[in-house]
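In: Fold the stuff below for me.
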Amino acid sequence: METKFYKKDKLLVLKITEEIDEFKVQEIRRRADYEIERYMPKKVVFDFNNVSFMDSAGIGLIIGRYKFASMLGGKLEIANLTKSVERIFEMSGILKLIPVTQI
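Out: Reported below is the predicted structural model:
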């Protein structure tokens, strides 16, 4: 996972560069939580541009980071959804809770 923090806008972009399955979720979760706590951004954006596969563990990952960012006073958005990831998010109802943005 690649991370970028834009100090001026207090924006943290987390670009996921691997498939999201139950084994990778723990690693991504630890890194995302660390970066969110480190920068205390106003907005966190997960970029899914390079994600070709995601299972249900990815849904839990995003919901958990949404709650974590909210608890710290920030917002979470998702961006660059591939067709397969978008379909999973639609079926789960996440798109009603978390906005999709462009970066």
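
In: and the nearest residue to E18 once chain neighbours are set aside, what pLDDT?
Out: Take E18 and drop its neighbours on the chain: the residue closest to it by C-beta to C-beta, 6 or more residues apart in numbering is K24, 5.7 Å away. Every C-beta, even on glycine, is put in place using the N, C-alpha and C of the backbone. Predicted confidence (pLDDT) for K24: 93.

In: start at 29 instead
Out: Sure, I'll start numbering at 29, so the last one becomes K52.

In: Could you pull up the mean pLDDT of stretch 30-48?
Out: 93.

In: and it, which residues are buried?
Out: 39-44, 48 (16 or more other C-beta atoms under 10 Å).

In: Just the ones in strands from the residues you listed, please.
Out: Cross-referencing the buried residues of stretch 30-48 against strands under DSSP state E gives 39-43.

In: so which pair among those is furthest apart in space?
Out: Farthest-apart pair in those is L39 and K43; separation 12.7 Å (C-beta to C-beta).

In: Show me where the protein has its helices.
Out: With DSSP state H as the criterion, the chain has helices at 50-67, 84-99, 111-120, 122-125.

In: just to revisit the earlier point, tell me which of the ones in strands among the buried residues of stretch 30-48 is nearest to R93?
Out: L42 (8.4 Å).

In: Distance check, that closest one against Q54.
Out: 15 Å (C-beta to C-beta, to the nearest Å).

In: So which of the helices of the chain is nearest N77?
Out: helix 111-120 (9.7 Å).

In: list the helices and strands the closest one packs on?
Out: helix 84-99 (3 or more C-beta pairs under 8 Å, 6 or more residues apart in numbering; DSSP states H and E).

In: Just want the most central residue of this structure.
Out: Centroid-nearest residue in the chain: F74, 3.3 Å away (criterion: C-alpha atoms, centre = their mean).
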